[in-house]
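Visitor: show me how the following folds:
(one chain, ligands or ions: 1)
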Amino acid sequence: MNPIIPALPFQTSDPAHKQFQYLEDLATAYWYSEVLFAALDLDLFSWIERGADRIDKLADAAGSRPEALARLLRVLKRTALVHAIDGRWVNSPQARMFLVVESADYMGDFFLYRRYMQPRWSLLAERVSLPDRPRQPPITSDADYRTRNEQYVRSMDRLVRRKSPEILSILEHESWRGPLLDVGGGAGSLGRAILKTRPTASGVLFDLAEVIRAGRRIHPCPGDWARTLSVAGDFRRHPFASGSFGLVIMSNFLHAYGRKTARDLLAAAVILLRPGGLILIHDYFPDRLGIRPHKGAFYDLNMMLNTYEGACHESRDIVGWLDAVGVKRVVVRDLETDTSVILAGGDVGGGDGIDDPEEWTSVAREIGFVDAAMTTPADIVTAHWPAWKCRFGCKGYGRHRQCPPYAMPVEALRSLLAEYSRAVLVQGSPPGRDFHHRLLALERAALLKGFPKALAFGAGPCTVCDRCPVDDVCRHPEKARPAMEACGIDVYATAGRVGWPLRPVRDRGDWVTYVGLLLLE
Ligand SMILES: C[S@@+](CC[C@H](N)C(=O)[O-])C[C@H]1O[C@@H](n2cnc3c(N)ncnc32)[C@H](O)[C@@H]1O
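Guide: Next comes the predicted model:
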């Protein structure tokens, strides 16, 4: 998490402690968006930047009541969008950059566009329960439609423009040659950014006629259309010649369609590729659990509510659809924001991306862990005291084959760690038996993906059997795994190194946070 952008409370509440607070934070999460929308409606950030920085001046400029405005500003201050210095209001760096109309990086209209989608969210229960989609409020006139369409195109363009550098950094490792086709390219900023990296390549921006017209108004400078042919049409019917393009882009396109149509449109795009051509899909994928693990699933609901048949498709489905039409070489990469890229064809890296060590955190979350973090064996803190704490302080001492005094001594653990180069820490909650099963599932997934040395360490006494046999011979060594602390891992310090502040259970209703470890090589 970027330290200058505070996390929202519902992102940081620890359900293991004060569980109801997490729910209360979720219940009031919409307050945050409403505050941002109101501040943008009143254009507060722009007025502050223009010098209306004292409450009376600002209230005057924004046409607001000073006392009420002061209360809104207090919340904006809590959300770190503004600061107060000696009675003057000052924008935060993010607000100055993205929320001031005069800024070259202004995104306020994009954020306000999010509000257009909001009314339908209040119909979520109906949408999930009733067979018919609630009716769309009618658009009153052509002028309304035009304004709305232009806002939409401009908003999408602002967002993809910000994401382009990261998408480019993924594409830069691949070799491709033009021409490029940007399917549903909106105002064209992604294709434009990609073309700039290939000074001789040309491109086609393809979208519906009204979107192309809006794109021309949004980017009036002829230089923005250099080497780009804009073509208006409907991709479901347009007669492009097969084998014409070296790179086909589908950015935020497939989610406008249901499963069957999306699959057909993807297959149609593959046919347009030249031999060795690449396809780049940039979208929200509900099964990608990277930096914003919840966003793809939320976006899918947004599509369900706000489009006719739209859905965010899982990246693994898209990889399967590509495979079915003969595109075997695929990588999936999460951006540092909330979307991901699937790059396929050409001589793209191969596999499904799981050879990328960072992918293991996604796999772990998918298996059901609350959180997962990559670390290295060198960052696993070992000491003598954890095992001694088991000896003096645990009522189970001496009763479990995977715990002291039978557990792996810390010296053996240190030698073992030296034989590995990667490690994944996972976090979970009771019951311990479920946590253990997840660990075994993660270890097995690693084994099957070609990590023969994969070895999991659990949390607390082994839960495989109700109790260890009296003859001390483990009946299930294939399932039993050593506990981290039992072998001398300082779990608090190790978790602290990946940014997990563990706390002892203090209050009734709190539960212990389990931490497990997977060693990989
Ligand atoms: C969410 S926008 C994405 C725009 C841009 N690619 C981006 O990533 O910001 C989806 C675009 O796909 C276009 N689109 C959807 N279906 C289409 C179709 N059948 N033919 C052409 N364009 C289509 C829409 O008009 C819209 O501009």
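Visitor: tell me the mean pLDDT over the longest helix that the chain contains?
Guide: As assigned by DSSP state H, the longest helix anywhere in the chain is helix 142-171. In this model, helix 142-171 carries a mean pLDDT of 90.
Visitor: any bit of it sitting next to the ligand?
Guide: Yes: on the criterion CB under 6 Å from any ligand atom, helix 142-171 is in touch with the ligand at 156, 160. In this view, the C-beta of every residue, glycine as well, is placed from N, C-alpha and C.
Visitor: who does that helix touch, helix- and strand-wise?
Guide: helix 108-121, helix 189-196, helix 209-218, strand 273-283, strand 340-345 (3 or more CB pairs under 8 Å, 6 or more residues apart in numbering; DSSP states H and E).
Visitor: let's see that with 6 Å instead.
Guide: helix 108-121, helix 189-196, helix 209-218 (3 or more CB pairs under 6 Å, 6 or more residues apart in numbering; DSSP states H and E).
Visitor: what's the angle between the first one and helix 142-171?
Guide: Between the axis of helix 108-121 and that of helix 142-171 there is an angle of 110 degrees, by axes from the mean of the first three to the mean of the last three CA atoms, to 10 degrees.
Visitor: which other helices and strands does helix 108-121 contact?
Guide: Against helix 108-121 (3+ CB pairs under 6 Å, 6+ apart) you get helix 29-41, helix 142-171, helix 295-306.
Visitor: if we can go back for a sec, so which bits of the longest helix of the chain are buried?
Guide: Buried residues in helix 142-171, counted by 16 or more other CB atoms under 10 Å: 149-161, 163-164, 166-167, 170-171.
Visitor: contacts for the helix or strand following that helix?
Guide: Next in sequence after helix 142-171, counting helices and strands by DSSP states H and E, comes strand 180-183. Contacts to strand 180-183, defined as CB atoms under 6 Å, 6 or more residues apart in numbering, come from residues 191, 203-206, 235, 245, 247-250, 253.
Visitor: repeat that for stretch 68-76.
Guide: By CB under 6 Å, 6+ apart, the list of residues contacting stretch 68-76 reads 35, 39, 55, 59, 82.
Visitor: let's have the helices and strands packed on helix 108-121 in JSON lines, adding distance to H313.
Guide: As requested, the helices and strands packed on helix 108-121 are exported to JSON lines (distance: least, CB to CB, whole Å):
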{"stretch": "helix 29-41", "distance to H313": "26"}
{"stretch": "helix 142-171", "distance to H313": "18"}
{"stretch": "helix 295-306", "distance to H313": "9"}
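Visitor: can you list the residues of the stretch 201-350 of the chain near the ligand?
Guide: For the stretch 201-350 of the chain, the contact set with the ligand under CB under 6 Å from any ligand atom comprises 207-208, 211, 234-236, 251-253, 256.
Visitor: Three-state assignment for L247, please.
Guide: Assigned state for L247: strand (three-state reduction, DSSP: H, G, I helix; E, B strand; the rest coil).
Visitor: give me every residue that touches the closest residue to the ligand within the stretch 51-200 of the chain.
Guide: Going by CB to the nearest ligand atom, the ligand is nearest to G184 of the stretch 51-200 of the chain, at 2.5 Å. Going by CB under 6 Å, 6+ apart, G184 touches 207, 253.
Visitor: let's go with 10 Å and repeat that
Guide: With contacts defined as CB atoms under 10 Å, 6 or more residues apart in numbering, G184 is in contact with 156, 205-208, 211, 235, 249-254, 256, 265.
Visitor: just the helices in the stretch 1-150 of the chain please.
Guide: 9-12, 19-27, 29-41, 44-49, 55-62, 66-78, 93-98, 108-121, 124-129, 142-171 (DSSP state H, counting those that start in this stretch).
Visitor: for the third one, buried residues please.
Guide: For helix 29-41, the buried set under the neighbour-count rule, 16+ other CB under 10 Å, comprises 35-37, 39-40.
Visitor: leaving out sequence neighbours, find the closest residue to the most centrally placed residue in the chain.
Guide: The centroid of the chain falls nearest to R292 when counting by CA atoms, centre = their mean (2.8 Å). In space, and not counting its chain neighbours, R292 is closest to D338: 3.9 Å by CB to CB, 6 or more residues apart in numbering.
Visitor: number of nearby residues for that neighbour?
Guide: Using other CB atoms under 10 Å, D338 is surrounded by 18 other residues.
Visitor: what pLDDT does it get?
Guide: At D338, pLDDT is 92.
Visitor: wait, it sits on G296?
Guide: Yes: contact status for D338 versus G296: in contact at 7.8 Å, counting by CB atoms under 10 Å.
Visitor: any shared contact partners between those two?
Guide: With CB under 10 Å, 6+ apart, D338 and G296 have common neighbours 284, 288, 290.
Visitor: by neighbours, which of these wins?
Guide: R288 (31 neighbours).
Visitor: just checking, W500 touches V515?
Guide: Yes: under the criterion of CB under 10 Å, W500 makes contact with V515 at 7.4 Å.
Visitor: ok, the residue in the stretch 251-400 of the chain positioned nearest to the ligand - contacts?
Guide: Taking CB to the nearest ligand atom, the ligand has its nearest neighbour within the stretch 251-400 of the chain at S251, 3.3 Å off. Applying CB under 10 Å, 6+ apart to S251 gives the contacts 156, 159-160, 163-164, 167, 182-186, 189-191, 280-283, 339, 341.
Visitor: let's go with 8 Å and repeat that
Guide: Going by CB atoms under 8 Å, 6 or more residues apart in numbering, S251 touches 160, 167, 182, 184-185, 190, 280-283.
Visitor: what does V204 give?
Guide: 179-182, 228-231, 245.
Visitor: tell me which residues of stretch 70-88 are tucked away?
Guide: For stretch 70-88, by 16+ other CB under 10 Å, it's 72-73, 75-76, 79, 81-82.
Visitor: again, but for stretch 421-441
Guide: For stretch 421-441, by 16+ other CB under 10 Å, it's 422-429, 432, 435-441.
Visitor: in helices, which of the residues you listed appear?
Guide: Those of the buried residues of stretch 421-441 lying in helices (DSSP H): 432, 435-441.
Visitor: A493 - nearest residue in space that isn't next to it in sequence?
Guide: V381 is the one closest to A493 (CB to CB, 6+ apart), at 4.0 Å.
Visitor: the one you found against G488, yeah?
Guide: No: V381 lies out of contact with G488 (CB atoms under 8 Å); the separation is 9.5 Å.
Visitor: who has more neighbours, those two?
Guide: Taking other CB under 10 Å, V381 and G488 do not tie; G488 has more neighbours (25 against 16).
Visitor: what about the residue lying closest to the more buried one once chain neighbours are set aside, neighbour count?
Guide: In space, and not counting its chain neighbours, G488 is closest to V410: 3.0 Å by CB to CB, 6+ apart. Burial of V410 is recorded as 17 neighbouring residues (other CB under 10 Å).
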